[in-house]
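[1] Take this sequence and fold it.
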Amino acid sequence: MYSVRTMLQQSALLAEDIEKLIGPLAIRAGEALEAVCCDDLRRVVLVGSGDSHHAGRAAELAFERLADISCQALSTQQFLDYGMLAPARESRATLVVAVSASGSSPRLLTAVRHARTHGFPTVAVTGRSDSAIVSVAGRHVAAELGLTERCPGIRTYQASLLALLLLAVRLSALRRALPGQPVAAEESLVAEIAATADAVRASHADADEPCRELAARLSEGGWPWIPLVIAGTGPGRGTAMYTAAKVVEAAGLPAYAQDVEEYWHIERFLDPADAPLVVVAPSGLGHPRAVELARAAAGRGRRVVAVTGQDETTLTRAAWHTVPVAPTAREEWSPLAGHVFAGLLGARLAERLGRTPFSGGGPP
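    Below you'll find the predicted structure:
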């Protein structure tokens, strides 16, 4: 049975998971890419649904910056319908990474079969080494946690994201995309990711009480519930999508993600004027615009929730509420620390409203 307690327990184990998984996953990422002609690749497509798609969106920057390759995260159905329309000669230059924690998503299995038929090299990222997608994809990275409890994706999301980041690191070494010796550069990046365990641990410690308080403040108005908009850009867009999913899954409340700039073009006209806006604003390329948007939205009366570093005072001073996130060595790793609050917020909202995860939406 799903429970808020399990969500909170899983959130508390996230840092430990990174410490346990980093070594094995780095090895498996290398093994998965051994038979791929990485020098010939021109594009990477990350395919998945739900949390798996959100992890892909959060990992795009790592592939583009580190491996110096175009990367696009597509939902499973979008890839299945529109992702294989390029000329056949381009298929071998596109690596398809299929992400599924369970490894049994029917549409994703179909998508991978079609991709291989069209000549795309494929790699699966999954939480189960005995799942169907392993045999269908031919190559895989198993991010196994040995979970027995039922829970909205929290540890599984992070495990998938971690595997994707390590694939990006390994690909960067194989393509010699980084300065210096490839082996040393790769080891340095893996060490950076391993060090994010400390940021994840700090983010959990710092965010739990602010998430509990935020749940109380958001639920004060009762019904009708105002849809919660979570804005982010770059890797933060993946975190925003994931956060919206945890609010919906855990508490059955309406929430959705939006790009920072698109929010300003559309949702700033949303009534009521004091509707809450969560802004995911890690340090990085998109940070200045996120701060600018948050301050402008607050000036228009929005209840801005800033998910950012504690020292980002330009943003936090304008915010109605702040959820602190610990910094990481580079923007590419920021989703590992940035996602921690999402499960906490979903759980605390469900707790506040007396709801059980996945109980909304009527009969299954």
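
[2] Would you mark the buried spots in stretch 147-160?
    By 16 or more other CB atoms under 10 Å, the buried positions in stretch 147-160 come out as 147, 151, 152, 153, 154, 155, 156, 157, 158, 159, 160. C-betas here are computed from N, CA, C, even on glycine.

[3] That should have said stretch 251-258, apologies.
    251, 252, 253, 255, 257, 258.

[4] got a list of contacts for it?
    225, 227-232, 237, 240-241, 243-244, 247-248, 266-267, 346, 349-350, 353, 355, 359-361 (CB atoms under 8 Å, 6 or more residues apart in numbering).

[5] Now do the strands in the chain.
    43-48, 70-75, 94-100, 122-126, 140-142, 228-232, 255-259, 276-280, 303-308, 321-324 (DSSP state E).

[6] Give me the distance between the third one and the centre of its chain.
    Spelled out, it's strand 94-100. 15 Å (CA atoms, centre = their mean, to the nearest Å).

[7] domain ranges for the chain?
    Domains of the chain are assigned by automatic domain parsing as 4-178, 197-353.

[8] pLDDT of the longest one, averaged?
    What domain 4-178 shows for mean pLDDT is 96.

[9] Endpoint to endpoint, it covers what distance?
    43 Å (CA to CA, to the nearest Å).

[10] And the shortest one, by the same measure?
    Domain 197-353 stretches 31 Å from its first residue to its last (CA to CA).

[11] try stretch 133-141
    11 Å.

[12] how far is that stretch from where the chain is centred?
    Stretch 133-141 sits 22 Å away from the centroid of its parent chain (CA atoms, centre = their mean).

[13] One more: stretch 46-62?
    6 Å.

[14] Quick check: the gap between the nearest residue to residue 11 once chain neighbours are set aside and residue 69.
    Of all residues not flanking residue 11 in the chain, residue 343 sits nearest, at 4.7 Å (CB to CB, 6 or more residues apart in numbering). Per CB to CB, to the nearest Å, residue 343 is found 31 Å from residue 69.

[15] What of residue 184?
    For residue 184 relative to residue 69 (CB to CB), the value is 21 Å.

[16] Which one's more surrounded, those two?
    The residue with more neighbours, out of residue 184 and residue 69, is residue 69; 21 against 11, by other CB atoms under 10 Å.

[17] Return the per-residue confidence for residue 182.
    pLDDT, residue 182: 79.

[18] in terms of contact, does it touch residue 171 like I think?
    No. With contact defined as CB atoms under 8 Å, residue 182 does not reach residue 171; the gap is 11.0 Å.

[19] So these two - more neighbours on which side?
    Between residue 182 and residue 171, residue 171 has the larger neighbour count (other CB under 10 Å), namely 27 against 16.

[20] which stretches of the stretch 201-350 of the chain form helices?
    Here the stretch 201-350 of the chain has its helices, by DSSP state H, counting those that start in this stretch, at 235-251, 260-265, 287-299, 313-316, 334-338, 340-353.
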